[in-house]
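**Q** build me a model:
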Amino acid sequence: MKKTLLALAIVSAALTLPAFAQDNSQAVAPTTTDSAAPAGGNYQPSQSIGTGNWFVNGSVGQAHLGTGPYNDHPTTYALNGGYRWKVGPDVGLGLEVGYNDLGNFKLKNAFNSNDVNLTGRRNALRGWTAGVNGKINVWQGLYVSGRAGVYGWKGHGYANQDINRHDLDQVDFYAGAGAGYDFSEHFGLGLSYDYFRARKDRVNLSTDTASLTAEYRF
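**A** The predicted model follows:
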């Protein structure tokens, strides 16, 4: 699943670059009386190429943590904001920062052959994100998206066959891909799949999430 996600992120980036090149080749050359590139296309149709928007989005979804002594699907929340430029008639590229709460997940019985049962202990994974994102509006409001960056996380967890609870923090990475629909140039809804790597000291809290995301562009 992690390899699939990374492949999707790479494909999204690969699709964005050719689309960017094609969009630029199709753009009408500016006249001497107007130095701005023309508006049009499927991405933010009223905006000229080279302009941009501040945006903010919020997500709610479900995580999956099934490695080591874990097997749980907690509810997740995330808030992101940033700035995205229109780099072609159908393409937007931007920067983002955010914070997520990947939920309080339950520990399964790590000692199946013993009397020790830690299923009542709950653990947490939370952190900030900073990275790049891209959107291609393939037809009117319908879009595909991708994002990737660094993930600075804090969490609590156990390694396999370990009764000692660890308080951990680390800077790792995240990557994701999604699709959705822009109902207007200001508001859109989408579904996304993201992977957040969180490993340290033999403790693996790396998490997959599936989320519903609402975005507002200023």
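**Q** now do the strands in this structure.
**A** 52-64, 75-88, 91-106, 122-139, 142-157, 166-182, 187-196, 199-200, 203-204, 207-217 (DSSP state E).
**Q** any buried residues in the fifth one, and which?
**A** Spelled out, that is strand 142-157. Residues Y143, V144, S145, G146, R147, A148, G149, Y151, W153, G155, H156, G157 are the ones in strand 142-157 that count as buried (16 or more other Cβ atoms under 10 Å). Yep, even glycine has a C-beta here, placed from its N, CA and C like the rest.
**Q** let me have those residues in CSV, extended by pLDDT and distance to L65.
**A** Formatted as CSV, these follow (pLDDT from 0 to 100; distance: Cβ to Cβ, whole Å):
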residue, pLDDT, distance to L65
Y143, 97, 29
V144, 97, 27
S145, 96, 24
G146, 96, 23
R147, 97, 21
A148, 97, 20
G149, 98, 21
Y151, 97, 15
W153, 94, 13
G155, 83, 10
H156, 77, 13
G157, 71, 9
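**Q** farthest pair within those residues?
**A** Y143 and H156 (36.7 Å; Cβ to Cβ).
**Q** returning to that earlier point: any chance of JSON lines for the strands of the chain, columns distance to G41?
**A** What follows is the strands of the chain, written out as JSON lines (distance: least, Cβ to Cβ, whole Å):
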{"stretch": "strand 52-64", "distance to G41": "14"}
{"stretch": "strand 75-88", "distance to G41": "7"}
{"stretch": "strand 91-106", "distance to G41": "8"}
{"stretch": "strand 122-139", "distance to G41": "7"}
{"stretch": "strand 142-157", "distance to G41": "12"}
{"stretch": "strand 166-182", "distance to G41": "12"}
{"stretch": "strand 187-196", "distance to G41": "16"}
{"stretch": "strand 199-200", "distance to G41": "41"}
{"stretch": "strand 203-204", "distance to G41": "43"}
{"stretch": "strand 207-217", "distance to G41": "15"}
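**Q** so which of these comes closest to A39?
**A** So among these, strand 75-88 is nearest, using Cβ to Cβ, at 8.9 Å.
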